[in-house]
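Enquirer: Predicted model and sequence follow; I will ask about them next.
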Amino acid sequence: MSKIKTFVESDVLIAAFQGKEEVWEKAMRVIDDPEREFIVSDYLKLEIIPQPTFHNRYEEIQFMHTFLDNASLYMNPNGSVIDQAITLACTYSLGAMDALHAGSAIVGQADIFNTNEKPEKPLCQVKEIKVVSLRA
């Protein structure tokens, strides 16, 4: 049986490390699910590594690197991701980083895109991929 290809947005990983109890539990259920394999990107790395590094939060850095290192697919920046991101941003009024994450997930053929955004936010309206909010 194949695993669920999942792209988790940075806010899910941050919630898994720093989150309040309810959000932490939901984020950890996604991250620890043995039925999932994860897709990551340089855009995701850019969001989850610099701040803990700057503030010397070594446990958080290790947590994030462990997640990145265990991903099954690493999406490098490329023209297909950028083109997809621009289309998504124009269609759904997404911010640049949300569009790049969603574009990476779509080009990487993820089954699910997990986020901690509120369900009414533009990112959760994307129809090209199944978006699942921890807040739903």
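Expert: All right, it came through fine.
Enquirer: for this protein, what helix or strand is lowest in average pLDDT?
Expert: One helix or strand of the chain scores below all others by mean pLDDT, DSSP states H and E: helix 21-31, with a mean of 92.
Enquirer: Show me what the helix or strand hosting residue 13 packs onto, helices and strands only.
Expert: Assigning secondary structure by DSSP states H and E places residue 13 in helix 10-18. Counting contacts by 3 or more CB pairs under 8 Å, 6 or more residues apart in numbering; DSSP states H and E, helix 10-18 is packed against helix 21-31, helix 42-48, helix 58-69, strand 112-115. Yep, even glycine has a C-beta here, placed from its N, CA and C like the rest.
Enquirer: contacting residues for the residue lying closest to residue 92 once chain neighbours are set aside?
Expert: Distances taken as CB to CB, 6 or more residues apart in numbering put residue 122 closest to residue 92, at 4.7 Å, once the chain neighbours are dropped. Each residue near residue 122 by CB atoms under 8 Å, 6 or more residues apart in numbering is listed here: 92, 93, 94, 98.
Enquirer: do you know how far residue 122 is from residue 128?
Expert: Between residue 122 and residue 128 the computed distance is 13 Å (CB to CB, to the nearest Å).
Enquirer: Could you do residue 121 as well?
Expert: Using CB to CB, residue 121 is found at 16 Å from residue 128.
Enquirer: just residue 49 next, same as before
Expert: The gap separating residue 49 from residue 128 is 27 Å, by CB to CB.
Enquirer: Pull out the buried residues from stretch 72-83.
Expert: 74, 75, 81 (16 or more other CB atoms under 10 Å).
Enquirer: Against residue 51, how distant is the second one?
Expert: Think residue 75. Going from residue 75 to residue 51 by CB to CB gives 21 Å.
Enquirer: For residue 42, which non-adjacent residue is spatially closest?
Expert: Leaving aside its sequence neighbours, residue 42 sits nearest to residue 77 (CB to CB, 6+ apart; 5.5 Å).
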